[in-house]
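>>> Please find the sequence and the predicted model below.
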Amino acid sequence: METGTEYGGPLAVVAASAEVLRHPEADERLLTDLERARAARFRREASRLDFIAAHLLVRLCAARVLGTAAAGLTLAQNCPDCGRGDHGKPYLPDHPDVHVSLSHTKGVVAAAAGHRLVGIDVELPTRDGNPPEVFERVLTEGELRQVEQHDDPQRAFLRQWVRKEALVKVGRATLDGMREVDLSGLPLTAVDGSPLRSRFEDLHLLDWDDEQRGATVAVVAADPPSLATAAVLGA
Ligand SMILES: [Zn+2]
């Protein structure tokens with residue numbers, strides 16, 4: 001892959017919310033009025049900060065792809081179902097050639113940006129694990145068998161779940177129809193703990209467990225994604 005500004009597929013980043021918020025370019029004032037109004041609706045301060053961190057991180061990521069400063073970037077969202085702008089697929093109104101995606105969970109955020117379709121999702125394991133009814137709501141029978149036979153069923157479930165959430169973000173699955181997509185043909189574990197690369201139909205998948213933040217991450221994209229946490233955050 002070429003270095004510098006040459007495009008080599010989408011960039012994906014995962015970080016603790018606190019890491020993003022202490023980045024010198026990550027200023028809450030970069031958010032639009034609508035984003036700030038949405039942030040203000042969170043009852044828990046920690047959730048408000050996760051929302052802000054994700055919305056700043058996606059700007060940092062897109063800025064890296066565009067070779068520009070995060071400060072000049074406006075982020076908007078659009079829901080294809082109801083047409084509202086306070087949820088749904090995020091996009092940059094001033095840069096229709098750049099695709100972006102973001103995700104936030106407790107204390108951890110992820111973002112991706114590239115010149116073609118990209119979706120990212122990050123999840124943390126729950127303390128008691130996900131119950132069987134959640135497995136059954138998300139997984140096909142083939143996936144269920146594969147997950148149950150895995151050394152670490154909870155981790156394997158989380159892997160398939162984040163993949164499906166990322167597919168929802170690129171419009172290739174629905175939240176109500178996760179069992180309509182079968183990923184049982186994809187590997188669940190990388191041999192040496194390094195990021196896992198696979199293909200689903202015409203899409204490229206990048207999966208990894210971020211040990212430092214305890215998170216499971218999936219990226220699905222039209223081009224092979226790259227991990228760019230250090231490049232984007234300078235961490
Ligand atoms: Zn809607």
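Received, thanks.

>>> mind listing what's buried in stretch 184-198?
Counting neighbours by 16 or more other CB atoms under 10 Å, one finds that the buried residues in stretch 184-198 are 186, 188, 195-196, 198. For every residue, glycine as well, the C-beta is placed using N, CA and C.

>>> hmm, who's touching it?
Applying CB atoms under 8 Å, 6 or more residues apart in numbering, the external contacts of stretch 184-198 come out as 140, 142-143, 145-147, 150, 156, 159-160, 163, 200, 204-209, 211, 224, 227.

>>> can we see that at 10 Å?
Residues lying outside stretch 184-198 but in contact with it, judged by CB atoms under 10 Å, 6 or more residues apart in numbering, are 12, 139-147, 149-152, 155-157, 159-160, 163, 183, 199-200, 204-211, 217-219, 224-227.

>>> Spell out which residues of the chain are next to the ion.
Proximity of the chain to the ion is confined to 79, 81-82 under the rule CB under 5 Å from the ion.

>>> Might one say that residue 105 is in contact with residue 17?
Yes. Checked against CB atoms under 10 Å, the pair residue 105 and residue 17 is within contact range at 9.4 Å.

>>> Tell me which of the two has more neighbours.
Looking at residue 105 and residue 17 with other CB atoms under 10 Å, you find the greater number of neighbours at residue 17, namely 25 against 18.

>>> how far away is the closest residue to the more buried one other than its chain neighbours from the ion?
Leaving aside its chain neighbours, residue 17 sits nearest to residue 53 (3.8 Å; criterion: CB to CB, 6 or more residues apart in numbering). In this structure, residue 53 and the ion are 23 Å apart, going by CB to the ion, to the nearest Å.

>>> quick one: the helices in this structure?
17-21, 33-40, 45-66, 132-138, 141-148, 153-169, 229-233 (DSSP state H).

>>> will you turn the ones you listed into TSV that also has mean pLDDT?
Supplementary listing: those in TSV, determined by pLDDT from 0 to 100:
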stretch	mean pLDDT
helix 17-21	97
helix 33-40	96
helix 45-66	97
helix 132-138	93
helix 141-148	96
helix 153-169	96
helix 229-233	93
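
>>> so which of the ones you listed comes closest to residue 89?
Nearest of these to residue 89, taken as CB to CB: helix 153-169 at 7.1 Å.

>>> got the CA coordinates for the closest one in PDB?
Coordinates of each C-alpha in helix 153-169 appear next as PDB, following Å, rounded to 0.1, in the frame of the first residue of the first chain:
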ATOM      1  CA  PRO A 153     -18.900 -18.800  22.900                       C
ATOM      2  CA  GLN A 154     -19.400 -15.300  24.300                       C
ATOM      3  CA  ARG A 155     -16.500 -13.900  22.400                       C
ATOM      4  CA  ALA A 156     -17.500 -15.800  19.200                       C
ATOM      5  CA  PHE A 157     -21.100 -14.400  19.600                       C
ATOM      6  CA  LEU A 158     -19.800 -10.900  20.000                       C
ATOM      7  CA  ARG A 159     -17.700 -11.300  16.800                       C
ATOM      8  CA  GLN A 160     -20.700 -12.300  14.700                       C
ATOM      9  CA  TRP A 161     -22.900  -9.600  16.300                       C
ATOM     10  CA  VAL A 162     -20.500  -6.700  15.600                       C
ATOM     11  CA  ARG A 163     -20.200  -7.900  12.000                       C
ATOM     12  CA  LYS A 164     -24.000  -7.900  11.600                       C
ATOM     13  CA  GLU A 165     -24.300  -4.500  13.200                       C
ATOM     14  CA  ALA A 166     -21.700  -3.200  10.800                       C
ATOM     15  CA  LEU A 167     -23.700  -4.800   7.900                       C
ATOM     16  CA  VAL A 168     -26.800  -2.900   9.100                       C
ATOM     17  CA  LYS A 169     -24.800   0.300   8.900                       C
END
